[in-house]
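[1] I would like the atomic coordinates for the input below:
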Amino acid sequence: LEELNRLTKHDDPNSVLERSNFSDLNKQHMLRLWNAKPDNDMKWGIDVVVANSNIRKSLYPKVWLIVDGEEIEMNLEVFAKLRFEVSRALNRIDHYA
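    Model prediction:
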């Protein structure tokens with residue numbers, strides 16, 4: 001991982017990955033991430049249903065985000081778990097970097 005972290009965007013990661021002990025699946029994921037284009041137009045939001053015709057009052061928040069053109073909706077509990085897991089993954093990456 002240290003060798004991969006030292007590469008610049010103009011370097012070819014294949015030579016480093018060929019010498020690594022990563023599984024083929026992990027190598028494929030790393031190459032996909034290496035070649036991925038940044039998404040500068042990230043769309044997300046939080047909607048709260050205040051009221052409707054069936055329920056007089058409802059403060060049900062819904063979090064939505066668009067990933068690869070697909071809209072994903074989740075409640076706050078699932079969003080909190082997503083945030084936790086992403087944070088944990090980034091922390092592990094930082095630990096190995």
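
[2] residue 78 is in contact with residue 61, correct?
    No: at 11.4 Å, residue 61 and residue 78 do not qualify as touching, with contact defined as CB atoms under 8 Å. Backbone N, C-alpha and C define where each C-beta goes, glycine included.

[3] show me how the record splits this structure into domains.
    Structurally, the chain divides into domains by automatic domain parsing as follows: 1-36, 41-97.

[4] I'd like those as JSON lines, with mean pLDDT and mean neighbour count appended.
    Conversion of those to JSON lines gives the following (pLDDT from 0 to 100; neighbours: other CB atoms under 10 Å):
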{"stretch": "domain 1-36", "mean pLDDT": "83", "mean neighbour count": "11"}
{"stretch": "domain 41-97", "mean pLDDT": "80", "mean neighbour count": "10"}
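
[5] which residues touch residue 43?
    Under the criterion of CB atoms under 8 Å, 6 or more residues apart in numbering, the neighbours of residue 43 are 65, 66.
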